[in-house]
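Peer 1: Model the following, please.
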Amino acid sequence: MPTETVTETVGALELDALDLIIGSVLVVVAGLVSLGLRLGLERRLAVAALRTVVQLLLVGYVLHEVFEMDTVWPVLGVGGLMVFAASRSAIARPSRTFDGVGWRTFVTLVASALLTTVTVTSAVVGTDPWFEPQYLIPLLGMALGNALTGISLCLDQVLQSLDERRDRIELELSLGATSWEAARGPLADAVRRGMIPIINSMSVAGIVSLPGMMTGQILAGAEPVEAVKYQVVVMFMISAATALGCMLLALFVYRRAFNRRHQLVEGLIRRR
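Peer 2: Numbers count the residues shown, from 1 in each chain. Below is the predicted model of the structure:
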């Protein structure tokens, strides 16, 4: 796809500070509803809203500077920070963990989300150079945001299964099963669980929801059909990143959970 198509659609309408203040009224209304119903969410809403504004404005200024540079290193630096933050978020949610899960998750996201994004920007969108930050960074953010959810669910499921079904797995091993034969069921269940969110999103795209990139392009003045084309590519990119990430992390856990004698490592998985 030619990059000029996206570039020509940018900059239709701009929002000023007053527009943002008016938009914040919607959060105030939600806080008042919480206060009236005594839900106790008003403080959390206020903190979340403040963090949203501060974080996004900070990111906006940083990306503005990165976009002005014509070298690969600032782009790779921002991408590395994004992958690191995503890996930290992915391992923070599961109820169980093990030593070495952090770097394995980081490598998983690099191999799935980053490589998938680079493939899309260079081979599909056709950016020149391949690290064009205007395309690489937003697409990487979409891939990471969805892949980390799938990876987190996959990690939680596989660790829970290996922990709770330990007796059954060890029984199968004692009866002559290999470690792969004993762990194949829990690994498959974990990958399926990790893929549920993206499969659901793809199933209702265009019917129940209009995905983010498509909506943004339409608001910026792009032709709806052209916006749909890009959104289809993005959805396929996200599904590939999530699938590859879940399968790779499940294999990482499998390799760590069993030793060379086809025994389940004692005391590896621990509750938080």
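
Peer 1: show me where pLDDT drops low in this structure?
Peer 2: 1-13 (pLDDT under 70).

Peer 1: Next, the contact list for Pro224, please.
Peer 2: Residues near Pro224 by CB atoms under 8 Å, 6 or more residues apart in numbering: Ile218. In short, each C-beta sits where N, CA and C put it, glycine included.

Peer 1: and what of Thr52?
Peer 2: By CB under 8 Å, 6+ apart, the contact list for Thr52 is empty.

Peer 1: Check which helix or strand it maps to.
Peer 2: helix 42-68 (DSSP states H and E).

Peer 1: Name the next helix or strand downstream of that helix, please.
Peer 2: Next along the chain after helix 42-68, taking DSSP H and E as the criterion, comes helix 72-92.

Peer 1: and the angle from that following helix to helix 42-68?
Peer 2: Per axes from the mean of the first three to the mean of the last three CA atoms, to 10 degrees, the angle that helix 72-92 makes with helix 42-68 is 150 degrees.

Peer 1: for helix 72-92, which positions count as buried?
Peer 2: 74-75, 78-79, 82-83, 86-87, 89-91 (16 or more other CB atoms under 10 Å).

Peer 1: do the same with stretch 162-178
Peer 2: Buried residues in stretch 162-178, counted by 16+ other CB under 10 Å: 162-163, 165, 169, 172-173, 177.

Peer 1: Pick the one among these closest to Val232.
Peer 2: Checking these against Val232 by CB to CB gives Leu162 as the nearest, at 36.7 Å.

Peer 1: those helices in the stretch 51-200 of the chain, which residues are they?
Peer 2: Ranges of helices in the stretch 51-200 of the chain, per DSSP state H, counting those that start in this stretch, are 72-92, 101-109, 115-119, 133-164, 166-174, 179-204.

Peer 1: Identify the farthest-apart pair in the buried residues of stretch 162-178.
Peer 2: Distance extremes for the buried residues of stretch 162-178: the farthest pair is Asp163 and Ala177 at 18.5 Å, using CB to CB.

Peer 1: which residues touch Arg93?
Peer 2: 152, 156.

Peer 1: same thing but at 6 Å, please
Peer 2: By CB atoms under 6 Å, 6 or more residues apart in numbering, the contact set of Arg93 is Ser152.

Peer 1: Please renumber the chain so that the first residue is 53 from this point on.
Peer 2: With the count now opening at 53, the last piece we talked about shows up as Arg145.

Peer 1: Would you mind measuring from it to Leu211?
Peer 2: 11 Å (CB to CB, to the nearest Å).

Peer 1: intersection of neighbour lists for these two?
Peer 2: Shared contacts of Arg145 and Leu211, defined by CB under 6 Å, 6+ apart, are absent.

Peer 1: angle of the helix holding Thr104 against helix 185-216?
Peer 2: Using the same axes, to 10 degrees: helix 94-120 against helix 185-216 is 130 degrees.

Peer 1: what distance separates helix 94-120 from the centre of its chain?
Peer 2: In terms of CA atoms, centre = their mean, to the nearest Å, the centre of helix 94-120 is set 18 Å apart from its chain centre.
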